[in-house]
Each structure stands twice: as structure tokens, then as C-alpha cells.
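1. Got a predicted model here, sequence first, then my questions.
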Amino acid sequence: MQNYNSKSKILTFYTVILIFTFLIFNLVIAAAPQELKDAIDQKSQQLQEINNQIKETQKNLESIQGQGQTLQKEIKQTDYNINQLNLNIRSSEITIDKLALEINSLQYEITDAENEIVLKREAITRILQEFQKTDGETPLLIFLRNKSLADSVFEIQNLADLNAGLRTEIENLRKVKEEMADKLDQSANKKQLTEIENSNLKNRKVILDDVKKEKKNILEQTKNQEKVYQSIISDLQRKQMEIADEINTLEENLRLSFDPSVLPTKRPDILAYPVANPYVTQEYGYTDSAKLLYKTKFHNGIDFKASIGTPILAAENGKVIAVGDNGRVQYGKFIVIEHDNNLATLYAHLSRQTVQKGSVIKRGQVIGYSGNTGYSTGPHLHFGVYWALNLKMQSFSGAGLVPVGVTINPADYL
């Protein structure tokens, strides 16, 4: 009877461990307060409202794209851009607040996981201590030592339960550790997103100031008179045509040395899309828009829909070989990156560049923000791909340096 009682304590002790672990964990659990969850939901709703307003402003912008080039249209477009930038700034502010709340919520979950790991380790330690008391007895020794078959069976069952419990606790510990590692990764990712959004916020404020200054300059230059504005536009169009003609002659000569065999095999994902949620507004080649806008009738890149202040992403690892500004002609503010695969990529009509010539760039890195600079009818990103081996930066009067070379259809590599 004494042997039966002593061995029955093993099962009782294991049961106590499980109950103790359950009770203590529920006492120390640090679940995120409901107020925190409600605040996150509120920020999500605010973001949705802001995004709806941004979409509405975008529709207003698109509705005037087909109109003739007039001073009234340009001022209206600038006002829409200013409104959209203000909304994007507000969106960045709300996003930063939401990320901070989510990081705080994750910290509660990480603390819970840490507490659970401590308790499960304690439970495993106690079970192992009970195993040590058995001195590694085999079922045969247990049968020989006990006075009855019932006692032996009971003791063996208790040991089996302890062993099963140990495996369960070890597996649970592994799962909790994996969950905590996932929460830590989520927290680190959200902290990184916060840094990116803070950068977006800072740059969008600068872009907003630039657009306001641009509106002021236009009004001062034209004295708010349509006749003066049309004279300025005519001069810009004449200059654009002269530059385009010269570039076309230079590029025709460069095509004579073009060797496509040194280019990467055409396949998707050689280059990443330069904008999130890409939407193409004009393809590469002899498009309908190109026939109306360009003397060559040819569009040498792909245009992506991108409201002013949209982050522009590097399509591949590489080195920045040019950061320029052509003013109100050609590409406006642009960036050129050379890659190791004999390709170079162009990002044009930007509102702001955030890299410098010589910078080493990683694929997906934010390098600037979309805009409406240069020869452009509205905010978008012009994305070009060049054969890097004969790409050069050519100086043009009234435009500064402009990339000149053999262009390739970006769709072959996206």
C-alpha cells in the first residue's frame, strides 16, 4: 500500500504542475487593453477616410488631363496637387500613430510569450526532477519490485503519463518560442515601416512647399494673364522639340553599336516595379499618346500612374550615375541607376530626389517621389530602361544634362 501511495504521488504532482502553470499564466498574462485595440481600429477608419478623399482628388486631377493647356488648368491642377499632398501628409501622420499603437500592442503579446516560456520551462524542470526520482527504472524492474500486478501497472502508467506530459510541455514551449519570434519580427518590421513613413512625411512636406512656390512663380511670371502664359508654353514646347530632335539623332547613331546579346534573357522579375500597386497609363513604343505628344511618335519608356508624392522604388541593386533636373522640359527631375546586368533605369518627372550621384542602391529602396516636373501633362512616373554600355549624359542648352542612349522595353524585364 505504501508503494502504491508513493507512486501515485507522481501523477498527482504532474497534475498540480499543470494546474499551477495554468493559474499562474492567467495571473501574469498582460493582454493588450481594449482601449489600445479600439484606438488601432479608429486609426484604420481614419486612414480609410483619407484614402477615399485621395482617390476623389485623383479623379478630379484625371478629369482635367484631357483639357487644353491653359493657365486656368495649370492653376487648378496645382491646387489639386496641393490638396492631395496635404491628404498624403495627413495619411502619413495617421499611419505613424497607428504603427506606434500596433508596436505597443505587440509588446503586450511579446511579454505574454516571455512569461509563458518561463512557466513552461519551470514545468519541464519539475517533471524532469520527478523522472530523476525513478532512477531510470525499466518496466521489468518495476514489476519485480512491486507486490502486485495492479501496483506495477499503475506505476508504469504514471511514468508514461509523465513522459507524455514532458513531450507535450516541450512541444508547447517550442510553439511559444516560434510565436514570440514571429511577434518580434512583426515588431521590428513595423519599426522599420515607421522610419520609412517618417521619411515620407518629411519629404512630402518639402514637396508641398515646392509646389506652393511653383504656383506662386507661375502667377508672378504670367501676371495671371492667359496670353503671357501661352507665350511661355510656346517657348517651352519649341525648346522641347529642339532637344527631342537632337536626342533622336544621337540615339539613332548609338543604335548602330547596340548588341542585344549582352543583355539579360527576357523574363519577369529581372527588374522590380518602381511603384507599389503599379498601374500602366502608357506603354513603350508607338502609342496613341506618343503620336500626339512627340515628334518621333515613339514613347521610350513606360508611364505609371502615381499621384504627386508617391514613393519611387529602385528596380534593382545598382549605383546612381545621374541625378538631374531639366526644368520644365524633357524629364524634369530625374534619377538614373546603372545595374550589374548591363541595364540602366531612368525615373523621371519626379517632385523630389532623395539619393545622390554615386550612391549604392538596393532593390526596392525609396529613391525619390513622383511629380509633374519636365515635359509632362500630369503627375506620373516615366520609367525607362537603357542599354548601360553606351548610355551617356548629354548637355543641352536650357535643360542641362539629359540621359541619351538605346532604350529597351521595360515590360521585357518587369
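-> All right, it came through fine.
2. Just give the nearest non-adjacent residue to residue 294, would you?
-> Closest residue in space to residue 294, ignoring its immediate chain neighbours: residue 244 at 6.6 Å, by Cβ to Cβ, 6 or more residues apart in numbering. Every residue, glycine included, has its C-beta placed from N, CA and C.
3. Next secondary structure after the helix or strand encompassing the one you found?
-> In this structure, residue 244 sits in helix 226-255 according to DSSP states H and E. On the C-terminal side of helix 226-255, the nearest following helix or strand under DSSP H and E is strand 280-282.
4. can you give me the mean pLDDT across that following strand?
-> With pLDDT averaged residue by residue, strand 280-282 scores 94.
5. Sheet partners, orientation included, of that strand?
-> Sheet pairing for strand 280-282, assigned by DSSP bridges, gives strand 302-305 (antiparallel).
6. Packing partners of the top helix by length along the chain?
-> Ordering each helix of the chain by length in residues (DSSP state H) puts helix 149-222 first. Contact analysis of helix 149-222 by 3 or more Cβ pairs under 8 Å, 6 or more residues apart in numbering; DSSP states H and E lists helix 2-28, helix 71-133, helix 139-145, helix 226-255, strand 343-353, strand 366-370 as its packing neighbours.
7. what angle do that helix and strand 366-370 make?
-> If you take axes from the mean of the first three to the mean of the last three Cα atoms, to 10 degrees, helix 149-222 sits at 50 degrees to strand 366-370.
8. residue contacts, residue 399?
-> Residue 399 makes contact with 239, 243, 326-327, 329-330, according to Cβ atoms under 8 Å, 6 or more residues apart in numbering.
9. neighbours around residue 125, how many?
-> Residue neighbour count, defined by other Cβ atoms under 10 Å, stands at 11 for residue 125.
10. ok so, going back, the helix holding residue 244 packs against which elements?
-> Right, helix 226-255 is packed against helix 71-133, helix 149-222, strand 392-396, strand 400-404 by 3+ Cβ pairs under 8 Å, 6+ apart.
11. Sheet partners, orientation included, of the last one?
-> Right, the one you point to is strand 400-404. Strand pairing for strand 400-404, determined by DSSP bridges: strand 392-396 (antiparallel).
12. any idea of the mean pLDDT for the strand it pairs with?
-> The predicted model gives strand 392-396 an average pLDDT of 93.
13. All further residue positions should be reported with the first residue as 54.
-> Let's use 54 as the start, then, which means that last one is strand 445-449.
14. So which bits of that strand are buried?
-> For strand 445-449, the neighbour count (16 or more other Cβ atoms under 10 Å) marks 447, 449 as buried.
15. Return the distance of that strand from the chain's centre.
-> Its chain's C-alpha centre and that of strand 445-449 lie 33 Å apart, by Cα atoms, centre = their mean, to the nearest Å.
16. Show residues contacting that strand.
-> Looking at what lies outside strand 445-449 - Cβ under 8 Å, 6+ apart - the contacts are 296, 299-300, 303, 374-375, 377, 383, 389, 454-458.
17. Give me the angle between it and helix 279-308.
-> 140 degrees.
18. where does the chain have low pLDDT?
-> For the chain, applying pLDDT under 70 flags the ranges 54-85, 180-219.
19. Give me the domain ranges for it.
-> 55-270, 317-465 (automatic domain parsing).
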